[in-house]
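Undergrad: my questions are about this predicted structure, shown below with the sequence.
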Amino acid sequence: MLKKPEISLHTTTLWDYPSQHYGRESQGDKEYAGVTPSHVIWNLLQRYTAKKDLVVDPMCGSGTTMDVARDLERRALGYDLSPTRPDIFRADARKLPLETGKADFVFLDPPYSTHIEYSEDPRCIGKLDAMDPAYYEAMAGVISEVARILRPGHHMALYCSDSFRLKKPFCAIGFRLFGLLEQHFTPVDIVSVVRYNRTLKRRHYHTEAEKGNYMLRGFNYLFIMKKEVVASAGRKSPEVSPAQGQERVGKSPEGASPRGKGGFRRR
Ligand SMILES: C[S@@+](CC[C@H](N)C(=O)[O-])C[C@H]1O[C@@H](n2cnc3c(N)ncnc32)[C@H](O)[C@@H]1O
């Protein structure tokens, strides 16, 4: 059996991950369609949060963010329209039952167009095609709600992919969502995360892409943003300096060392 490599902080803006999960346990559910690689969340929480911080995921699917947050001794709060387990609260990400400024970090991995059927709920944003302005209106509502719940001086991250379908126009979801984020936050960084979708393993997908002269999605964007502290005169002033941010980077706690087996459903 192959041993999983030690999980570590990425130091460039190109993030690759060796497995869907780290450690003996799994984070979230590898069988959940659209699950987020837990390495991505682990790296974000190591950099932008401290122990006991409140980490919120308003579209938390199988709960990957909550599991990583608890591993790192952060407090976790997860919402979804279609909760998959009892510790996830049912809520629309556009109207969260959380007080303003309570979250120390927010992670978002929304549906990107209609590629996956998440639930029957008509409010599910995965029912909106990214060709339709309604998708961006819905996401504008989610992002504005994230801006409301996030504590000033703190960070959020959004993970997403562009959308391409044969015989349809390319949808630059990433750039469009980045534009919406910029209305509320200051950009901190843009990371490209290597994608390991199951379809990418199928040889004929690659043959067809060559024949048709198009490309398969090979990466996801990870936008890292900060909510500035707005001074009373309307000026923006940072609350957390980059140096302080660096101090938050800690060692992997016990239990987070990658040793066991575990699923390998990478997205
Ligand atoms: C890409 S998945 C999230 C995956 C998750 N990070 C994980 O690792 O399992 C997107 C999630 O958004 C949820 N969702 C879609 N529309 C929503 C809405 N309006 N409010 C809350 N959740 C929503 C879906 O139910 C789905 O679970």
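TA: On my side now, so go ahead.
Undergrad: check contacts around the residue of the stretch 151-267 of the chain found nearest the ligand.
TA: At 7.8 Å from the ligand, residue 159 is the closest residue in the stretch 151-267 of the chain, using CB to the nearest ligand atom. (Glycine included, C-beta is placed from N, CA and C.) By CB atoms under 8 Å, 6 or more residues apart in numbering, the contact set of residue 159 is 36, 40, 107-109, 193, 220-223.
Undergrad: and residue 190, by the same measure?
TA: 13, 178, 221-224.
Undergrad: turn these into JSON lines, including pLDDT and neighbour count.
TA: As requested, these are exported to JSON lines (pLDDT from 0 to 100; neighbours: other CB atoms under 10 Å):
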{"residue": "13", "pLDDT": "97", "neighbour count": "12"}
{"residue": "178", "pLDDT": "98", "neighbour count": "17"}
{"residue": "221", "pLDDT": "97", "neighbour count": "19"}
{"residue": "222", "pLDDT": "98", "neighbour count": "22"}
{"residue": "223", "pLDDT": "98", "neighbour count": "21"}
{"residue": "224", "pLDDT": "98", "neighbour count": "19"}
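Undergrad: closest one of those to residue 208?
TA: Nearest to residue 208 among those is residue 221, at 24.5 Å by CB to CB.
Undergrad: excluding its backbone neighbours, what's nearest the closest one?
TA: residue 174 (4.2 Å; CB to CB, 6 or more residues apart in numbering).
Undergrad: residue 161 is in contact with the one you found, correct?
TA: Yes - the pair residue 174 / residue 161 is scored as a contact, 7.2 Å apart, by CB atoms under 8 Å.
Undergrad: any shared contact partners between the two?
TA: Here residue 174 and residue 161 share the contacting residues residue 221, scored by CB under 8 Å, 6+ apart.
Undergrad: which residues touch the closest residue to residue 34 other than its chain neighbours?
TA: What sits nearest to residue 34 in space, not counting adjacent residues and going by CB to CB, 6+ apart, is residue 116, at 4.9 Å. Going by CB under 8 Å, 6+ apart, residue 116 touches 33-34, 126.
Undergrad: just these: which are in helices?
TA: For the contacts of residue 116, not one is inside helices, with DSSP state H as the criterion.
Undergrad: out of the residues you listed, which are buried?
TA: 34, 126 (16 or more other CB atoms under 10 Å).
Undergrad: also within reach of the ligand: list those from the contacts of residue 116.
TA: 34, 126 (CB under 6 Å from any ligand atom).
Undergrad: check contacts around the closest residue to the ligand within the stretch 1-150 of the chain.
TA: The nearest approach of the stretch 1-150 of the chain to the ligand comes at residue 61, 2.7 Å away (CB to the nearest ligand atom). Residue 61 is in contact with 28, 32, 34-36, 80, 84, 109, 118, counting by CB under 8 Å, 6+ apart.
Undergrad: can you redo the contacts of residue 116 as a markdown table with pLDDT?
TA: Compiled in a markdown table, the contacts of residue 116 are given as follows (pLDDT from 0 to 100):
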| residue | pLDDT |
| --- | --- |
| 33 | 90 |
| 34 | 90 |
| 126 | 95 |
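Undergrad: for the stretch 1-150 of the chain, which residues are neighbours of the ligand?
TA: So the stretch 1-150 of the chain meets the ligand at 28, 32, 34-36, 58-62, 64, 80-82, 92-94, 109-111, 118-119, 123-126 (CB under 6 Å from any ligand atom).
Undergrad: for the stretch 151-267 of the chain, which segments count as strands?
TA: For the stretch 151-267 of the chain, applying DSSP state E, counting those that start in this stretch gives strands covering 186-194, 219-226, 229-230, 236-237.
Undergrad: who's in contact with the second one?
TA: In other words, strand 219-226. 15, 40, 44, 48, 153-162, 174, 177-178, 181-182, 184-195, 238, 267.
Undergrad: filter those down to the buried ones.
TA: Buried among the contacts of strand 219-226 (16+ other CB under 10 Å): 15, 40, 44, 48, 153-162, 174, 177-178, 181, 184-185, 188, 191-193, 195, 267.
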